[in-house]
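Student: Return a 3D structure for these sequence lines:
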Amino acid sequence: MKKILLIEDDADLFALLKYNLEKEGFAASGQQTGSGALELCRRVKPDLVLLDIMLPDSDGLDICKGIRKDPDLSATPIIFLTARASETDRIVGLELGANDYVVKPFFVRELIARIKLQFRNQTAPARVLEGGGLELDRSMCQVRLHGEPVALTATEFRLLEYLMGRPGVVFSREQLLNAVWGQDRAITDRAVDVYVLRLRQKVERDPASPILIHSVRGFGYTFEPRRAAAA
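Tutor: I've put the predicted structure just below:
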């Protein structure tokens, strides 16, 4: 059952949408204020967020930006529900990362159709990730380098999977800690450096001159296979 989180301050509209979403077989929950919305998203981990822009205590645009910055929520579809109908407002909303923009008043059946379209557009994550001669099989929890098996710990595997799943994206140490170790942890960002070093020792030909996992000075790490320099 798909989970939909509704952030909408209009009590009547909130009740109407919750009723119709549940009638369509969705698990609907949410709140009528913006305060704590991002924390609620982290707890619920919804499959889609319906988000009002003009909330009484916060701005839905800021909530959208917070969702997109969170590595655990960044891929969650967001549909804005708003009375702001101008072309500029639509463009701003979509550029901030919303998947769709629905102007009030709207037909509930149309909104539900748009929600279902978002789910139809979702594709299953690739079972095997590849790059630079490295293969990571998610279903078998195996890693191979040029066809040879590489022994990784569970944490090393999760870290490598996260980086390989988003090639070219630079992640801060804090983002990697949240994604791999979770919100409830008692370790420092120094742990990321240690685990990246361990990964490099196992998957890089020359850990001192990596061509797979790169450091970005003052920020974090990225997986971006590059050709080794000619000898």
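Student: Tell me what the nearest residue to residue 110 once chain neighbours are set aside is bridged to.
Tutor: Sequence neighbours aside, residue 102 is the residue nearest to residue 110 in space, at 7.8 Å (criterion: CB to CB, 6 or more residues apart in numbering). (Glycine included, C-beta is placed from N, CA and C.) Taking DSSP bridges, one finds residue 81 as the beta-bridge partners of residue 102.
Student: wait, residue 102 sits on residue 80?
Tutor: Yes. Counting by CB atoms under 8 Å, residue 102 touches residue 80, with 6.6 Å between them.
Student: In terms of neighbours, single out the busier of these two.
Tutor: residue 80 (25 against 17; other CB atoms under 10 Å).
Student: residues contacting that one?
Tutor: Residue 80 makes contacts with 51-53, 60, 64, 93, 98, 100-102, as judged by CB atoms under 8 Å, 6 or more residues apart in numbering.
Student: Packing partners of the helix or strand encompassing residue 18?
Tutor: If you go by DSSP states H and E, residue 18 is part of helix 11-23. Packing contacts for helix 11-23, counted by 3 or more CB pairs under 8 Å, 6 or more residues apart in numbering; DSSP states H and E, involve strand 3-7, strand 27-31, helix 108-121.
Student: for the contacts of residue 80, which one is nearest residue 173?
Tutor: residue 64 (24.3 Å; CB to CB).
Student: hang on, isn't the closest one packed against residue 100?
Tutor: No. Checked against CB under 8 Å, the pair residue 64 and residue 100 is beyond contact range at 11.9 Å.
Student: Return the set of residues that bridge with residue 213.
Tutor: The partner residues for residue 213, given DSSP bridges, come to residue 223.
Student: Now do it against residue 199, distance only.
Tutor: The spacing between residue 213 and residue 199, counted by CB to CB, to the nearest Å, is 6 Å.
Student: Now do the buried residues in the helix holding residue 18.
Tutor: Across helix 11-23, burial judged by 16 or more other CB atoms under 10 Å covers 13-14, 17-18, 21.
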